[in-house]
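Student: The sequence and its predicted three-dimensional model are supplied below.
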Protein chains: 2
Amino acid sequence: MTDIALIEELKTLLEPGKVLTDAASLDAYGKDWTKHFAPAPLAIAFPKSIEQVQAVVRWANQHRVGLVPSGGRTGLSAAAVAANGEVVVAFDYMNRILDFDPLDRTVRCQPGVVTQQLQAFAEEKGLYYPVDFASAGSSQIGGNIGTNAGGIKVIRYGMTRNWVAGLKVVTGKGDLLELNRDLIKNATGYDMRQLFIGAEGTLGFVVEATMRLDRQPTNLTAMVLGTPDFDSIMPVLHAFQDKLDLTAFEFFSDKALAKVLARGDVPAPFETDCPFYALLEFEATTDERADQALATFEHCVEQGWVLDGVMSQSAQQLQNLWKLREYISETISHWTPYKNDISVTVSRVPAFLKDIDAIVAANYPDFEVVWFGHIGDGNLHLNILKPDDLGKDEFFAKCATVNRWVFETVEKYNGSISAEHGVGMTKRDYLGYSRSAEEIAYMKAVKAVFDPNGIMNPGKIFAP
Amino acid sequence: MTDIALIEELKTLLEPGKVLTDAASLDAYGKDWTKHFAPAPLAIAFPKSIEQVQAVVRWANQHRVGLVPSGGRTGLSAAAVAANGEVVVAFDYMNRILDFDPLDRTVRCQPGVVTQQLQAFAEEKGLYYPVDFASAGSSQIGGNIGTNAGGIKVIRYGMTRNWVAGLKVVTGKGDLLELNRDLIKNATGYDMRQLFIGAEGTLGFVVEATMRLDRQPTNLTAMVLGTPDFDSIMPVLHAFQDKLDLTAFEFFSDKALAKVLARGDVPAPFETDCPFYALLEFEATTDERADQALATFEHCVEQGWVLDGVMSQSAQQLQNLWKLREYISETISHWTPYKNDISVTVSRVPAFLKDIDAIVAANYPDFEVVWFGHIGDGNLHLNILKPDDLGKDEFFAKCATVNRWVFETVEKYNGSISAEHGVGMTKRDYLGYSRSAEEIAYMKAVKAVFDPNGIMNPGKIFAP
């Protein structure tokens, strides 16, 4: 069948005007935030119901057309890129909150609900949706589930996985499965809901999700602490974790802070210059809690782990302290950073970080390395900035070499080559550094169960 | 090959004396706490290493011998019963704690580590393993993972699933997989660790597990509250959840309480007779928290939801209040109860419970129904006591009819026929009430990926 005939048939499955093929739409919906790959989709389909999603999947199986799920397209691993004539299935018209139960504290959502929309809805109801990250204003729940999105509150609240009470999915065969029925306890065989979380759309589409909400946090309070070296960060984490239920524990280097302060729109946390900084957050539910935090701070100073520090006294100060961390990514984007999103267990972080630093310093002494990340979860964002006098092509060629070393070091420390961004196309060829050949073979066999014709997000996670 | 030759070959794979075939061992290791099925294993194998487990699995594939994983054999669904000439693989000699990391708060365990052993180890280290239930003194970590064990603290801490940082498994094909590398964040494809949790040993053996620990709870405090009817339990749950992070919310009926009090070894919580009771627990970290609990109690009394109540003032009183709930199961076992372990979403509990009560009352007015359970999770334990004048056979025949009605009602409310006990053999024929035909077909196909010859715990979850 010709492409034109295919598109005409596809149109009969959806509402009028809900298949787009104009150049602007193909370009916009054919890529995510990675932008490494030229988008080349066949068409963009906008289903408005579960039945329409099923019809598209059956059509795709019949004609062996690849389908690429598209949410907010804020992904950083090219999992939502259609570069090979696939049909993009976009959930922009399945974006309603369908149901809310205050006793279960659950919200039933269509996949196109934007993360911030769910957060705001929870707040209206006096509750809290705790998964939060920089792209929450655009990312969609379906995409969050597909990538098991993490972010800045994982240390307390876990990943998106923890908040999925139930899922409706359409498999790559077109079957509609209702997984887990939104139950807390359900010991009736394999929890296939878990398989679809983090599967990057390679097994099927998430077409509905029941998300759990939590109580709202009370009087969130942040501290920024400066440490004399990286090794001091870990005992500080340990000391505070012993005393308080932390809601966040982030870190960044002096280089990251300097670049953010140079913007001129955020005040410095304190005068003392320190090579590393920790940002931690907790609920100051009572004065006693705040006192415990201050006592722990003093203990850390006495131990020589902390040189200086500050604690937020208002919502405004809380926000300002968070900006020191949250603005890093955007600020350093001007230096064309080579980015990596890696993790090891928390205990291995110091040695791992030193190894990577040494490798980069020995081989590329002129490269500036900016570290930051969710240190409480062992998740590090490694950023190498392009020297001004180096051409872009040469820089990225050198980074490809660095990539190999970084992943070899990840493997040595039994870590993950993708902590929270997913595999997509960008990490596909490196999967072997984090998963064994046997594991990958089993994963492919599991995929074949749900998507025997390989129509679901082809070329993502695994080579096509 | 004859059975004798098979056993001789099996013996060559294990250490001397680590294959038993005497009648007492076959009987003891061939069954779990369900006791409905006559044990008839071929032999009991005691591996001492992962390599020996792999050797046994390869041998079983070669000869098409079924393997039944055996932990503490405290299960209530006959998932650890060998009734058809299987080899029982018991982990009694793989029962060591291998490693502990204070910063990661993780413990690496062999599968035969007993739950209480892990709890005690955590306490020694100033930490806490929060999964707890009546059989913690015998159940093993491998079995807990196989059944995704729940218990009395799920409302705060979740099921066993939440505490598994990483797993080593030997699949039904004999491959050793190291799943998740103990990482908090790891977005590198399907999280197959999740598949093995709750799989009841039908995909392979858990041969090592890294379990997470939590900080120790502070000043745990319990309240027992009497309510005028079942419908009042839910607003009480809601009111307390709004104010406090509950660590437990259990309920029981007056009939359950009366039977426990009749033992004579536990004091009554208070004088007022009430038809239903809630037991809740929280951390009274500060006086303010305890005051909030009392204020919420008073609010509940004003609203007419609570008739009387008591709050523990010491560790001894905390224990005594918990005994009111914990002794129920053992106490009512004298009345040969027909037991069911079912769940619905929390919001549906009142209507569901009324439906079941009405069905039993209309058809068997002489049956005494004792309700108790983890109401904060929607998990109800339905117990029907045998009238003294009814024969055991007739009682169980009538219960089989009740069973059907209960499961039809579970299906109507979109609930689970097994909240935390698993499917095993006892719920196998009823699986269709909680999982669709399509889901079951996918589950079977997933099993075939990991266990193509069907040697792993045959006849469990699915008919053989």
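Tutor: Sure thing, it's come through. Computed from a predicted model, the values in this text were never measured in an experiment. Numbering: from 1, shown residues only, chains lettered A, B, ... in the order given.
Student: Could you list the residues of the stretch 351-464 of chain A in contact with chain B?
Tutor: Proximity of the stretch 351-464 of chain A to chain B, by CB under 8 Å from any CB of the partner chain, involves residues A:374, A:377-379, A:414-423, A:427, A:431, A:434-436, A:438-440, A:442-443, A:445-447, A:449-450, A:461. C-betas here are computed from N, CA, C, even on glycine.
Student: can you rerun that using 7 Å?
Tutor: Proximity of the stretch 351-464 of chain A to chain B (CB under 7 Å from any CB of the partner chain) is limited to residues A:377-379, A:414-423, A:431, A:434-436, A:438-439, A:442-443, A:445-446, A:449-450, A:461.
Student: does A:Ala82 really touch A:Ala28, like I thought?
Tutor: No: using CB atoms under 7 Å, A:Ala82 is not in contact with A:Ala28, being 11.2 Å away.
Student: so A:Val344 touches A:Ile417, yeah?
Tutor: No: look at A:Val344 against A:Ile417 with CB under 7 Å: they stay out of range, at 10.9 Å.
Student: A:Lys392: neighbouring residues, count only.
Tutor: As a burial measure, A:Lys392 scores 9 neighbours (other CB atoms under 10 Å in any protein chain shown).
Student: can you check A:Lys427 too?
Tutor: Around A:Lys427 there are 26 residues (other CB under 10 Å).
Student: From what I see, it and A:Ile417 are in contact.
Tutor: Yes: using CB under 7 Å, A:Lys427 is in contact with A:Ile417, at 5.7 Å.
Student: Double-check that A:Asp99 belongs to a strand.
Tutor: Yes: going by DSSP: H, G, I helix; E, B strand; the rest coil, the assignment for A:Asp99 places it inside a strand.
Student: Return the per-residue confidence for it.
Tutor: According to the prediction, A:Asp99 has pLDDT 97.
Student: what's it in contact with, if anything?
Tutor: A:Arg108 (CB atoms under 7 Å, 6 or more residues apart in numbering or on different chains).
Student: what do you get for A:Leu127?
Tutor: Taking CB under 7 Å, 6+ apart, one finds A:Arg105, A:Leu213, A:Asp214, A:Arg215, A:Gln216 in contact with A:Leu127.
Student: Run through the bridge partners of the closest residue in space to A:Leu176 that isn't next to it in sequence.
Tutor: With CB to CB, 6 or more residues apart in numbering or on different chains as the criterion, A:Leu176 has its nearest non-adjacent residue at 5.6 Å, and that residue is A:Val170. Following DSSP bridges, A:Val170 is listed with bridge partners A:Leu176, A:Phe205.
Student: Pretty sure A:Val170 sits against A:Glu208.
Tutor: No: look at A:Val170 against A:Glu208 with CB under 7 Å: they stay out of range, at 9.8 Å.
Student: So for the two, which sits in the more crowded spot?
Tutor: A:Val170 (26 against 22).
Student: Run through the strands of the stretch 301-450 of chain A in chain order.
Tutor: A:308-311, A:338-343, A:368-374, A:379-385 (DSSP state E, counting those that start in this stretch).
Student: now what about the third one, what contacts it?
Tutor: Outside strand A:368-374, the residues within contact range by CB under 7 Å, 6+ apart are A:152, A:154, A:250-253, A:255-256, A:325, A:328, A:332, A:353, A:357, A:360, A:379-385.
Student: Buried ones among the residues you listed?
Tutor: Buried by 16 or more other CB atoms under 10 Å in any protein chain shown: A:152, A:154, A:250-253, A:255-256, A:325, A:328, A:332, A:353, A:360, A:379-385, out of the contacts of strand A:368-374.
Student: returning to that earlier point: what residues are up against the residue nearest to A:Leu176?
Tutor: A:Ile50, A:Val53, A:Gln54, A:Val57, A:Leu176, A:Gly204, A:Phe205, A:Val207.
Student: how close does it sit to chain B?
Tutor: Distance of A:Val170 to chain B, given as CB to the nearest CB, to the nearest Å: 11 Å.
Student: In terms of pLDDT, where does that residue sit?
Tutor: So, for A:Val170, pLDDT stands at 98.
Student: try A:Asp355
Tutor: You'll see A:Asp355 listed with a pLDDT of 95.
Student: For A:Glu86, which non-adjacent residue is closest in space?
Tutor: Residue nearest to A:Glu86 in three dimensions, not counting chain neighbours: A:Gly66, with 3.8 Å by CB to CB, 6+ apart.
Student: what does A:Ser138 give?
Tutor: A:Gly72 (4.1 Å).
Student: SS state for the one you found?
Tutor: coil.
Student: could the contacts of A:Val170 go into a markdown table alongside distance to A:Phe133, pLDDT and neighbour count?
Tutor: What follows is these, written out as a markdown table (distance: CB to CB, whole Å; pLDDT from 0 to 100; neighbours: other CB atoms under 10 Å in any protein chain shown):
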| residue | distance to A:Phe133 | pLDDT | neighbour count |
| --- | --- | --- | --- |
| A:Ile50 | 28 | 98 | 17 |
| A:Val53 | 26 | 98 | 29 |
| A:Gln54 | 31 | 98 | 20 |
| A:Val57 | 29 | 98 | 25 |
| A:Leu176 | 30 | 98 | 19 |
| A:Gly204 | 24 | 98 | 28 |
| A:Phe205 | 22 | 98 | 29 |
| A:Val207 | 23 | 98 | 23 |
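Student: from those, which is closest to B:Glu200?
Tutor: A:Gly204 (24.7 Å; CB to CB).
Student: excluding its backbone neighbours, what's nearest that closest one?
Tutor: A:Thr171 (4.0 Å).
Student: before we move on, the earlier item: can I get the buried part of the residues of the stretch 351-464 of chain A next to chain B as one PyMOL selection?
Tutor: Listed next is the PyMOL selection for buried residues among those, using 16+ other CB under 10 Å:
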select buried, chain A and resi 377+378+379+414+415+416+417+418+419+420+421+422+423+431+434+435+439+442+443+446+449+450+461
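Student: Out of the residues of the stretch 351-464 of chain A next to chain B, which sit inside helices?
Tutor: Secondary structure from DSSP state H places A:Glu438, A:Glu439, A:Tyr442, A:Met443, A:Ala445, A:Val446, A:Val449, A:Phe450 of those in helices.
Student: Which residues are in contact with the closest residue to chain B within the stretch 201-350 of chain A?
Tutor: Distances between the stretch 201-350 of chain A and chain B by CB to the nearest CB are smallest at A:Ser347, namely 4.3 Å. Going by CB under 7 Å, 6+ apart, A:Ser347 touches B:Asp101, B:Leu103, B:Asp104.
Student: separation between it and B:Pro130?
Tutor: Computed with CB to CB, to the nearest Å, the distance linking A:Ser347 and B:Pro130 is 21 Å.
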